[in-house]
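Visitor: structure of the sequence below:
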Amino acid sequence: MNTKGFAKHYYAMLLPGFIWLGVFSIFPMFGIIIAFEHYNPVKGMLGSEWVGLENFRYMFTLSDTRSIFFNTIFIAFMKIIANLIVPLVFALLLNELRITVLKKWVQTIVYLPHFLSWVILGGIVLDLFSFDGPINGILSVFGLKATNFFASAPLFPFLAVGTDVWKEFGFNMIIYLAALTGINPSLYEAAGIDGASRMRR
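Guide: Predicted coordinates:
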């Protein structure tokens, strides 16, 4: 058997993947040199003046830099936590639902935002949380003051995290639900016989 011939075929199979990686992942990284230049769009990346770390020194002298870093880390951390907990809890609740038709409808409804563009979802969120939108309408019914959600510094991070969870938790929930349905039902039965409550099971 000619193993060298087989190896050539394997390398040929890998070639399209390496080309894709180079064109869409490695080559675009060349653009990071802009961060080290006094970039001029007319001169382009290769013709602009090289300033080294000057742009970074300027950034760290700004008074808003600490707030920007904190908000970025806080929102990213909250997204990670929320995108783990919300889909998992929802998958556990949906797994307990015994009405099959309702279960499929709920799965479809919560999965739908994953396929929609952020432009569409952004428009929906803008309409919902606008100053004269339905959310403020509900607040006014209970005698609460209307809030400009998008201009409120304490509320906006949670709005950003909430919209991200709303868009993606249906997809993540499907993954958790598939794992839960793969568990042998006899394990639940054995736990019930041993006296475990429904919550413990």
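Visitor: can you show me the strands along this structure?
Guide: When assigned using DSSP state E, the strands of the chain occupy the ranges 37-38, 49-50.
Visitor: low pLDDT regions in this protein?
Guide: With pLDDT under 70 as the threshold, the chain has low-confidence stretches at 1-7, 201.
Visitor: show me the longest helix that occurs in it.
Guide: Counting residues, the longest helix found in the chain (DSSP state H) is helix 65-96.
Visitor: and the spatially most central residue of the chain, what does it touch?
Guide: Centroid-nearest residue in the chain, with Cα atoms, centre = their mean: residue 164, separated by 5.4 Å. Residues near residue 164 by Cβ atoms under 8 Å, 6 or more residues apart in numbering: 79, 82-83. All C-beta spots, glycine's among them, are computed from the backbone N, C-alpha and C.
Visitor: could the residues you listed be laid out in CSV, adding distance to residue 60?
Guide: Below are those laid out as CSV (distance: Cβ to Cβ, whole Å):
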residue, distance to residue 60
79, 25
82, 30
83, 31
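Visitor: and which of these is nearest to residue 48?
Guide: Within the set of these, residue 79 lies nearest residue 48; the separation is 34.5 Å, counting by Cβ to Cβ.
Visitor: count the residues that sit near the closest one.
Guide: A count of nearby residues for residue 79, using other Cβ atoms under 10 Å, gives 17.
Visitor: just checking, it touches residue 166?
Guide: No - contact criterion Cβ atoms under 8 Å: residue 79 and residue 166 do not qualify, at 11.7 Å.
Visitor: can you give me the helices for this structure?
Guide: Taking DSSP H as the criterion, the chain carries its helices at 3-21, 44-47, 54-61, 65-96, 100-111, 118-129, 134-141, 156-181, 185-193.
Visitor: what's the most buried one of those?
Guide: Per-stretch averages of neighbours, counted by mean count of other Cβ atoms under 10 Å, single out helix 156-181 among these, with a mean of 17.
Visitor: for residue 133, what are its contacts?
Guide: Shown in contact with residue 133 (Cβ under 8 Å, 6+ apart): residue 127.
Visitor: what's the separation between it and residue 37?
Guide: According to Cβ to Cβ, to the nearest Å, residue 133 and residue 37 sit 44 Å apart.
Visitor: now do residue 102
Guide: Summarising the geometry, the distance separating residue 102 from residue 37, computed by Cβ to Cβ, is 58 Å.
Visitor: with residue 128 instead?
Guide: With distances defined as Cβ to Cβ, the gap from residue 128 to residue 37 amounts to 42 Å.
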